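Engineer: Quick one: sequence plus predicted model below, questions after.
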Amino acid sequence: MTINLGNISDGPRDAGAPVLDIERLKVTFATDAGDVHAVKDVSLDVKAGEVLAIVGESGSGKTVTAKTILGLLPETATSSGTVLIKGNNVISVSPATLRKIRGRDVAMVFQEPSTALNPVFTVGWQIAEGIRAHAVDGHRISAKEAKARATEALRKVGIPDPEIRVNYYPHQLSGGQKQRVVIAAALALNPGLIVADEPTTALDVTVQAEILQLLRDLRDKYGTSIVLITHNMGVVADLADRVVVMYQGDVVEEASARTLFAEPKQDYTKKLLAAVPHLGRDSASEGATARLHQGGKVLVEAKDLTIEFPGRLGTPGFKAVNGVSFTVSENEVFGLVGESGSGKSTIGRAIAGLNRVTGGSLKVFGYEMLGFKERSFKPLRKDIGFVFQDPAASFNPHLTVGECIAEPLLIHTHPSPEQARLRVSQLLESVQLPASYAARYPHELSGGQRQRASLARSLALNPRLLIADEPTSALDVSVQAKVLELFRDIQEEYGFAALFISHDLAVVDMLSHWVGVLFKGRLVEQGIGSQIMGAPSQDYTKRLIASLPVPDPEEQALRREAHRALLGT
Amino acid sequence: MSETTTAAVPPPAPRKAPLLDRLPVTSHIRQSVGLQRTMLLIGITLTGLFLLAAMFAPLLAPYGYAQISDAAGTFPAQAAPGGKHPWGTTVGGYDVLSRVLWGSQTAATVIVVSVAMSIFVGVALGLLSGYFGGWLDRVLVVIADAIYAFPSLLLAIVMSIVISQGQSSFWGGILACSISITVVFVPQYFRVIRAETIRLKAEPFVESAMVVGASSWRIMGRHIFKNATRTLPLIFTLNSSEAILTLAGLGFLGFGIEPTSAAEWGFDLNKALADASSGIWWTGVFPGVAIVLTVLGLTLVGESMNDLNDPRLRGRRAAGNKRSGKAKTKAGRP
């Protein structure tokens, strides 16, 4: 073990030497089902001032690799190999040395800023805590000095009025600002390396663009190396210099970002890149000049629809949806996009009778949902299918997939057991699952298979309207691509109308004929999908589309400039 | 991806492990390692002995619980262990061994009756209260809280007086004890099930049942009930030990069952009070040890199950036994 080496070689950074050097890393977890080899054989290095992205789907071992860099693995894990940071092997150093390395030589930015910050302390205190944990030149840093340095760190990450904000509590800051605070805490001791584990996954696209810009500035101004863990190819294209693709615990391919996107070598990488939805390609409303499918009946009609959630005692209610008007006609796929909190899910749930309408008018198959009664609405329910976001949670874990799919049939049509079984196997085949899957339990299916089964359940009664609430956001990209394709085929085959809700513009564009953009409960723009994505008319839509990173580094560099110009900076 | 549609009859989907391995206690034995397994096995052994004694008391016990004489004449009072009475006799001339063995039967009956009654009432009320909410929920929660505020033994005494009104027949006494224990336990089951129901009500699978138009009864019975009752075996074992203690407490205070109706450990302990100072240890030690071992056994089973149900507390064969929830989710992904 070379424990003291790091303290001596603390001189100016050598541009050639890697900041981080991982050699033959192997991590194994002990679980109920035996050993799981999360990371099999990973070797990589990060040079000073470089952004290395580790990409892969869930279960590829990218997060485990990141945690190993900071020595954050749980006790059930055993790791071998070397992870060198400034001459210290993180895997074998003593806990005391590891504590010294953390924060000083390497720091971490977590995925969810609202849980990474302690709600009962001010943000300044939390940044200062890391500063005070490390002695500089043998003496402890006073609380006052630490706070001054925390203020400085906040200024670095672009928080306005850092002298005042340093005394704020996390709940007083927005999501993007919280992530800035987390980054400031990571930066406080000027570590040479920052490990960012999905730093923008929990954030909206417009905020994501800001955080990516911040990370890029850090690299440019302070020469900080960044290990970026992500599954989002757009983020990779935007920020990374070099990319490591991981699959099932192994490195599949390593290349510079431009090379990887332009000419991927391995089949897996090619498949992965092909599956990423790309804004402006493969649009469902390609070439349309007028709204499609307007000949049929209007199934859903909203006029000044308002949905208000009651506030707590003394506070006014929260208007989740505010004066929204739209229609969904037969055969039409209506795409609803918006960031979190824009009210898009609330509208979908209101149509299915899961949320109450408080104002305006919402007619579903001509039935007024304002003040609806479950008893009189129930007969209409068989015409509405609903696909939920998380396929794992939307199946009762104690029932087989077949029983779950048969549930709507049993409630509305009372078939004989044979009829039900037959219908279930038909449905399973229409979503390209073997009929034998009816006997399985939901947990025995993969995420994509479960979402297909969920689609089968929503189609059980041949509904005239399908509401899909973020149906693919819990899935990996390659699985998402398959589910989207299936959705499109089935929609064309069965011809139902659909309300497709998603935060992902590219996904919405792929499926929807007509797109509505929601912002803070208001429908700011609606129009033909390809036109909205290509030539938005409203400022918010422009900003939303410009902040979406595309999986192509060269195109993304141009888009980034355009985005900056749009914001006037 | 194994998502190709096969034309031939596909092989049956891999089923769960055999039924025996999925039962609450057996599945726990399989999962456990090291100290946790030892504790669980000790608990199961003690509980098994208790249940065997209860089942075969008529065969095992040399005499009846109220027998004070046999063909050879009246039993001697306070005879030391040995000879015809291996654990000695009490001041009333009862055989201690027989009383302890018969006592396990009384204890087991009270556990079964009281826990069964409290589970049915508690689960039903918890489901209704959690699912419908509103005024029903508020009223039931207030009542449950009020019952919690009473010392449980005091409440059991009051209930026993109200219910049995001095009766001391076997079933009268047992029902009095059971019902008084039930009253104390119902709020516990009620709370657990109500909390689970409220949590499950917001789960997407319940919402998806609402969307397809399932009735409230169907949602409660088919979707919530099965998912909410997962913790019940655990409360069952822990409450069983508490039921024994309450029963013994009642008996000790004189609200139990008369010695002529059934054998009861608490009552025997009460009668052994005076013996302790005069050096007669066997009348108190044996029923006392019986209570301790039974409670210990049931508690060990319950606590071990509690630890084993929690992936973060469950020990594993490899080094370390904390924070393995993450590793487990990794295992679930192919």
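Structural biologist: Arrived safely, thanks for sending.
Engineer: Pull out the C-alpha coordinates of the helix or strand hosting A:Gln126 and format them as CSV.
Structural biologist: Assessed by DSSP states H and E, A:Gln126 sits inside helix A:123-132. Extracted in CSV, the C-alpha atoms of helix A:123-132 (Å, rounded to 0.1, in the frame of the first residue of the first chain):
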residue,chain,number,x,y,z
VAL,A,123,-26.6,24.9,2.6
GLY,A,124,-23.6,26.9,3.8
TRP,A,125,-23.2,24.7,6.8
GLN,A,126,-23.3,21.6,4.6
ILE,A,127,-20.6,22.8,2.3
ALA,A,128,-18.6,24.0,5.3
GLU,A,129,-18.8,20.6,6.9
GLY,A,130,-16.7,19.1,4.1
ILE,A,131,-14.2,21.9,4.3
ARG,A,132,-13.8,21.6,8.0
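Engineer: Name the nearest residue to A:Val300, ignoring sequence neighbours.
Structural biologist: A:Val328 (4.1 Å; Cβ to Cβ, 6 or more residues apart in numbering or on different chains). C-beta: built from backbone N, CA, C; applies to glycine.
Engineer: neighbours around the one you found, how many?
Structural biologist: 24 (other Cβ atoms under 10 Å in any protein chain shown).
Engineer: now swap in A:Pro95 and tell me
Structural biologist: 7.
Engineer: which residues does it contact?
Structural biologist: Under the criterion of Cβ atoms under 8 Å, 6 or more residues apart in numbering or on different chains, A:Pro95 has no neighbours.
Engineer: Give me the residue at the spatial middle of chain B.
Structural biologist: In chain B, the centroid-proximal residue (Cα atoms, centre = their mean) is B:Ser240; its distance is 2.4 Å.
Engineer: what's the spacing between it and chain A?
Structural biologist: Noted for B:Ser240: a distance of 26 Å to chain A, by Cβ to the nearest Cβ, to the nearest Å.
Engineer: How about the contacts made by A:Pro160?
Structural biologist: So A:Pro160 contacts nothing (Cβ under 8 Å, 6+ apart).
Engineer: ditto for B:Asn227
Structural biologist: A:Asn396, A:Pro397, A:His398, B:Glu196, B:Leu200.
Engineer: Show me which of the residues you listed are buried.
Structural biologist: In these, burial by neighbour count holds for A:Asn396, A:His398, B:Glu196, B:Leu200, counting by 16 or more other Cβ atoms under 10 Å in any protein chain shown.
Engineer: Return the member of the residues you listed nearest to B:Trp171.
Structural biologist: B:Glu196 (33.9 Å; Cβ to Cβ).
Engineer: so how many other residues sit close to A:Ile159?
Structural biologist: 20.
Engineer: Isn't it up against A:Ala185?
Structural biologist: No. A:Ile159 sits out of contact with A:Ala185 when judged by Cβ atoms under 8 Å, with a separation of 12.0 Å.
Engineer: what's the helix holding A:Gln126 packed up against?
Structural biologist: helix A:143-156, helix A:175-187 (3 or more Cβ pairs under 8 Å, 6 or more residues apart in numbering or on different chains; DSSP states H and E).
Engineer: starting at the chain centroid, how far to that helix?
Structural biologist: How far helix A:123-132 lies from its chain's middle: 28 Å, per Cα atoms, centre = their mean, to the nearest Å.
Engineer: Would you mind listing what in the stretch 151-300 of chain B touches chain A?
Structural biologist: B:203-205, B:207-215, B:218, B:222-223, B:226-227 (Cβ under 8 Å from any Cβ of the partner chain).
Engineer: try 7 Å this time
Structural biologist: With Cβ under 7 Å from any Cβ of the partner chain as the criterion, the stretch 151-300 of chain B comes near chain A at residues B:203-205, B:207-214, B:223, B:226-227.
Engineer: What's the PyMOL syntax to select whichever of these are buried?
Structural biologist: Burial among these is assessed by 16+ other Cβ under 10 Å; the matching PyMOL selection reads:
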select buried, chain B and resi 203+204+205+207+208+209+210+211+212+213+214+223+227
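Engineer: picking that back up, what's the lowest-pLDDT member of the buried ones among the contacts of B:Asn227?
Structural biologist: Lowest pLDDT within those is found at A:His398 (82).
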